[in-house]
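Student: Build the 3D model from these lines:
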Amino acid sequence: MTMQTATSSTQAIGSPISNEAYNVIAALQAKLEGLEAYRKYAQSDSNQQLWQQLTNLDTQAVNMLVDQLEQMAQNRQLRMRQPGQTT
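Tutor: Below is the predicted model of the structure:
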């Protein structure tokens, strides 16, 4: 296999999701996992006010991230651009 053939065959390997979309999705996942943790902590902890306040803050962040993801989908910014495209 020549170097040129090896290079062209590896260009198709990677995520079909844009870096920007991946970042939003990863942050959303982290916030959703945090909300689940707060729910569990609130069930077994006497400091429910703390967990409720943190839940409220993270719920706002989740809403912002979902809004951003929806906007990216509407603007067709979720997919990785094809090799050679600059815009």
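
Student: pLDDT weak spots in this protein?
Tutor: 1-13, 82-87 (pLDDT under 70).

Student: And the strands in it?
Tutor: Applying DSSP state E to the chain gives no strands.

Student: give the contact list for the most centrally placed residue in it.
Tutor: By Cα atoms, centre = their mean, the chain has its centre lying nearest to Ile25, at 1.2 Å. Residues near Ile25 by Cβ atoms under 8 Å, 6 or more residues apart in numbering: 17, 69. Any C-beta I mention is one placed from the backbone N, CA and C, and that applies to glycine too.

Student: And it, how close does it get to Asn47?
Tutor: 31 Å (Cβ to Cβ, to the nearest Å).

Student: same thing with Ala37?
Tutor: According to Cβ to Cβ, Ala37 stands 14 Å off from Asn47.

Student: Looking at the two, which one has more neighbours?
Tutor: Neighbours per residue, other Cβ atoms under 10 Å: of Ala37 and Asn47, the larger number sits with Ala37, 14 against 10.

Student: Go ahead and confirm Gln68 touches Ala21.
Tutor: No - in this structure, Gln68 is not within contact of Ala21 by Cβ atoms under 8 Å, at 9.3 Å.

Student: Thought Asn56 was touching Tyr38, still the case?
Tutor: No - between Tyr38 and Asn56 there is no contact under Cβ under 8 Å: 9.8 Å.

Student: Settle it for me: which of the two has more neighbours?
Tutor: Set side by side, Tyr38 and Asn56 show more neighbours around Tyr38, with 22 against 10, by other Cβ under 10 Å.
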